[in-house]
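> pasting a predicted model and its sequence here:
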4 protein chains.
Amino acid sequence: MAGSLKETVEESDTRLGRLFDFSIQALIVLSLVTFSIETLPHLSPSYQKLLSALELLCVVVFTFEYIVRLWVADRKIAFVFSFFGVIDLIAILPFYLTLGIDLRSVRVFRFLRLFRILKLVRYNQAVRRFHRALLIAREEIVLFAVVALILLYLAAVGIYYFENEAQPEAFASVFHSLWWATATLTTVGYGDVYPVTVGGRCFTFLVLLVGLGIVSVPAGLVASALSKAREIEDGKELFETDTKDCR
Amino acid sequence: MAGSLKETVEESDTRLGRLFDFSIQALIVLSLVTFSIETLPHLSPSYQKLLSALELLCVVVFTFEYIVRLWVADRKIAFVFSFFGVIDLIAILPFYLTLGIDLRSVRVFRFLRLFRILKLVRYNQAVRRFHRALLIAREEIVLFAVVALILLYLAAVGIYYFENEAQPEAFASVFHSLWWATATLTTVGYGDVYPVTVGGRCFTFLVLLVGLGIVSVPAGLVASALSKAREIEDGKELFETDTKDCR
Amino acid sequence: MAGSLKETVEESDTRLGRLFDFSIQALIVLSLVTFSIETLPHLSPSYQKLLSALELLCVVVFTFEYIVRLWVADRKIAFVFSFFGVIDLIAILPFYLTLGIDLRSVRVFRFLRLFRILKLVRYNQAVRRFHRALLIAREEIVLFAVVALILLYLAAVGIYYFENEAQPEAFASVFHSLWWATATLTTVGYGDVYPVTVGGRCFTFLVLLVGLGIVSVPAGLVASALSKAREIEDGKELFETDTKDCR
Amino acid sequence: MAGSLKETVEESDTRLGRLFDFSIQALIVLSLVTFSIETLPHLSPSYQKLLSALELLCVVVFTFEYIVRLWVADRKIAFVFSFFGVIDLIAILPFYLTLGIDLRSVRVFRFLRLFRILKLVRYNQAVRRFHRALLIAREEIVLFAVVALILLYLAAVGIYYFENEAQPEAFASVFHSLWWATATLTTVGYGDVYPVTVGGRCFTFLVLLVGLGIVSVPAGLVASALSKAREIEDGKELFETDTKDCR
């Protein structure tokens, strides 16, 4: 009985295990929706009562889940300090610590539960492949990230010199200019700050000419590294076939 | 005669078949243009009459087409419940159901006809290759979609905490913040909502640093999976040549 | 003498030929700058005189170039009706047709001269490779372009239904909505039109979820087709080496 | 002693060398932060004193570093005129030239120090690979850059003709339109200038249809060239193994 409970909780191969997993995940999504609705202004008291009830339900189930997971764990201490053990605890602890007290800010930890969705794909091939792809392209990604940060800073310093006089509010300092540089180099372009001087606009053009390439290359790197990682996996089998053919 | 009619309607290899296909497609485009023009405000009554006449013409031809397709179909029931059979019916049914009544909202189904353009490429190699590419990269695409959604939610929760006090209107709740998160992580950046606090701006920078990669990787994945799918097709022939050379 | 003149004008291998090419190109850029400056409002009469003089110089040299090219061409009729022959004529004809008359609108043809910059890369390997890449990925690019246009239209129709009532000005018809769809799906996001209703915003989210991939895949397709085209070129040599090794 | 000092300054293999490198880099970051904070408006005098002191500290250490580097250099003249030698001098010279005088504008050279961060990755494999990738895709990148610039100019000329009458301020000349073209083709879309006429909007749609591909292809080219460069490195080893197997 304890063995089958252990299987149900820790594996998702059996029918019961999958049911357990999906129930917990549905509850995570429910608790997130509850959390989001609570932030809505002008909620009627009856709604607030319903949300509190749902909140209580989630915490009770998550507490029960935590206790069961702890109970079936082979190494209890290891579970408590494991990544998901800590998250499981963080997700329920704030409720007990603040019983009766309204401590909204602590609730922010609850969304850490969301990471548990990743459990679904933990032993998945895609995650392994993604990990392998990051290892393949790690050096280039770090290089591009560093160059992108340097470019961001240089863009902010440059636009500060061009626009500070014309717009002393929007480009009040290099730090203010960094906000412009972020919005521009990521091509978000909110439109709250933008250059108005001729020099500033030419500078923006040059920065974008260089910057667009640097900012969008890493995504391409990850994509091609992922297809490379897939090739390596497939290649192992192919290579064996290939050399056999040649011999 | 019935055989050649069947060929004309179902195949696009013969000259008549291609003519039939192009006529239907031209009519689909015409009916879409009609549909679009009808939404224009301040249309003169004479224009409205012309549009109604065109509309009637389209429905009559589409009805005729549906009857012919049903007539030449080998398995009539299968055609009625096939994807394109249902769309063909949906495209004409609303007109007959609302004869004399102005039921604008039902007209929305008409644009489903647009999907029939895809018929042109149905047996095309590109679609097969795209399908193969999706199968190759399916796991990574699902993984990135899930991670992107989680990131979107976390970004909305985070910006809510930073900006709610400073802009109680724009960031009134997590749901309002989700709109900001959508516009920002897709780099659309309308500029109707944007962070103004220092914390919110730094948070936006961090979210974009992580988010840009995650949001734009799937497109690169599809592209490289497509080129991989092309390689597999070509590779089958090449592989045979290759091993022949070695033996 | 005529032979060396022919070489100078038509080839860019000799020193004189390269000098001739660069002079003409410099003059093209000069004429473009002149053209651009003329559009500036509030030009002083002295500037306008200088611009007219530069304009005259450009036309004289381009006329001279056209005559020389025609003179050295082996097949004169073929040159006159060739792509660059027509552009050369278009670039100078407006001036003679409008002698004394101010015919600004015709000047727009002059910027067709800019395409002559492409002559520089005409026999270049990169253009051949790009052409080969387009052939490789042609089917996918056409497929994605068609799907993107369909999506654009569907997005416009959808947002029209969601936003027409709330913003009867900005989303007055499907055509107005198409402008929003263009600005949104390309992630430009000017911010002049954006959804304000909850339905419209959720719809925007869904459209972007699907649309971003479709819009940005073609660029990745071209990029990976280009690297494939490079591989094919390199592969031909490698393949020969490879099979030699095996035998 | 001089030998070990030379090692400490020029190499980063030893523990002392790494400590020296990190100290200098930390000081570079500190001097950049100081530089950025100085641009903040309304700084209290006590803060300004602190910043001046930090500034002095940085200059003193950088001067000391420059002297040591010069002292341990084998070829002193070569060091002075080397890239990093010049930057090192530029970073400290302004301070001495302006002793007592407030010469803010010269301080702009100080941020050249940031480039020294690149020293860290100078002998790194990623930089070599990136260099190799640029060589592989150089022709295509130049081709796309030239085509992108031509497109940018044509877009500016086109929108000028469409929007000049409707918005004589925002699209006052081709140069003003270039600003719109930059913001649009890079998809930044600040929203300070955008077309309002039907013609201008259709033109924008066409420009984006063509332009998006051209602007975003180079990033994909770099990414796939990088993965190609990695393959070449790996391929050398694989090729040897491969042919061995066949023999």
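Yep, it's here.
> and A:G85, how many neighbours?
Close neighbours of A:G85, defined as other C-beta atoms under 10 Å in any protein chain shown, add up to 18. C-beta coordinates here come from the backbone N, C-alpha and C atoms, glycine included.
> figure out the helix or strand that it lives in.
helix A:83-97 (DSSP states H and E).
> what helices or strands is the next helix or strand after that helix leaning on?
Counting by DSSP H and E, the next helix or strand C-terminal to helix A:83-97 is helix A:125-163. Applying 3 or more C-beta pairs under 8 Å, 6 or more residues apart in numbering or on different chains; DSSP states H and E, one finds that helix A:125-163 contacts helix A:174-185, helix A:198-246, helix B:125-163, helix D:15-38, helix D:125-163, helix D:198-246.
> domain-wise, how is chain A divided?
Structural domains annotated on chain A: A:2-121, A:126-246, as defined by automatic domain parsing.
> what's the most buried one of the ones you listed?
domain A:126-246 (a mean of 20; mean count of other C-beta atoms under 10 Å in any protein chain shown).
> state the mean pLDDT of that domain.
When pLDDT is averaged over domain A:126-246, the result is 82.
> taking chain A, what residue is nearest to chain B?
Closest residue of chain A to chain B, C-beta to the nearest C-beta: A:A223 (2.8 Å).
> dump the residue contacts of that residue.
With C-beta atoms under 8 Å, 6 or more residues apart in numbering or on different chains as the criterion, the residues that contact A:A223 are B:V217, B:A219, B:G220, B:L221, B:A223, B:S224, C:G220, D:A223.
> now the third one: how far from chain D?
Computed with C-beta to the nearest C-beta, to the nearest Å, the distance linking B:G220 and chain D is 7 Å.
> check whether stretch A:10-23 comes near chain B.
No: Stretch A:10-23 stays clear of chain B (C-beta under 8 Å from any C-beta of the partner chain), getting no nearer than 14.7 Å.
> send me that stretch as CSV with only the CA atoms.
What follows is stretch A:10-23, C-alpha atoms only, in CSV (Å, rounded to 0.1, in the frame of the first residue of the first chain):
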residue,chain,number,x,y,z
GLU,A,10,6.6,10.2,-7.3
GLU,A,11,6.0,8.6,-10.7
SER,A,12,3.7,9.6,-13.5
ASP,A,13,3.8,6.3,-15.3
THR,A,14,0.8,4.6,-13.7
ARG,A,15,-2.8,5.8,-14.2
LEU,A,16,-3.2,6.9,-10.6
GLY,A,17,0.2,8.7,-10.7
ARG,A,18,-0.9,10.7,-13.8
LEU,A,19,-4.3,11.5,-12.1
PHE,A,20,-2.4,12.7,-9.0
ASP,A,21,-0.1,14.8,-11.1
PHE,A,22,-2.9,16.4,-13.1
SER,A,23,-4.9,17.1,-10.0
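> ok now it, how far from the chain's centre?
In this view, stretch A:10-23 has its centroid 24 Å away from the chain centroid, taken as C-alpha atoms, centre = their mean, to the nearest Å.
> next one, pLDDT for A:R122 please.
Predicted confidence (pLDDT) for A:R122: 46.
> related to what we said a few turns ago, just give the nearest non-adjacent residue to the residue of chain A closest to chain B, would you?
B:G220 (2.8 Å; C-beta to C-beta, 6 or more residues apart in numbering or on different chains).
> verify the stated contact: that neighbour with A:A219.
Yes: judged on C-beta atoms under 8 Å, B:G220 makes contact with A:A219 at a distance of 5.8 Å.
> to which secondary structure element is A:L70 assigned?
Counting by DSSP H and E, A:L70 is part of helix A:45-72.
> now that helix against helix A:83-97, angle please.
130 degrees (axes from the mean of the first three to the mean of the last three C-alpha atoms, to 10 degrees).
> for helix A:45-72, packing partners?
Judged by 3+ C-beta pairs under 8 Å, 6+ apart, the packing partners of helix A:45-72 are helix A:2-10, helix A:15-38, helix A:76-80, helix A:83-97.
> out of those helices, nearest to A:Y47?
Across the helices and strands packed on helix A:45-72, A:Y47 has its closest neighbour in helix A:15-38 (7.7 Å, C-beta to C-beta).
> what packs against the closest one?
Under the contact rule (3+ C-beta pairs under 8 Å, 6+ apart), helix A:15-38 is packed against helix A:2-10, helix A:45-72, helix B:125-163, helix B:174-185.
> adding distance to A:R230 as columns, could you present these in TSV?
Shown next, in TSV, are the helices and strands packed on helix A:15-38 (distance: least, C-beta to C-beta, whole Å):
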stretch	distance to A:R230
helix A:2-10	29
helix A:45-72	34
helix B:125-163	7
helix B:174-185	26
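> these: which one's closest to C:A53?
Nearest of the helices and strands packed on helix A:15-38 (C-beta to C-beta): helix B:174-185, 50.6 Å.
> mind checking the pLDDT average for the helix holding A:L70?
Mean pLDDT, helix A:45-72: 88.
> quick one: distance of that helix to the chain centre.
Worked out by C-alpha atoms, centre = their mean, helix A:45-72 lies 24 Å from the chain centre.
> then stretch A:169-187?
For stretch A:169-187, the distance to the chain centre is 25 Å (C-alpha atoms, centre = their mean).
> how close does A:V188 get to chain D?
A:V188 sits 8 Å away from chain D, going by C-beta to the nearest C-beta.
> I'd say that residue and B:V193 touch.
No: when contacts are counted by C-beta under 8 Å, A:V188 is not listed as touching B:V193 (11.8 Å).
> list the contacts for the residue of chain A found nearest chain C?
Of all residues in chain A, the one sitting closest to chain C is A:G191 (5.1 Å; C-beta to the nearest C-beta). Counting by C-beta under 8 Å, 6+ apart, A:G191 makes contact with B:G189, B:G191, C:Y190, C:G191, D:G189, D:Y190, D:G191, D:D192.
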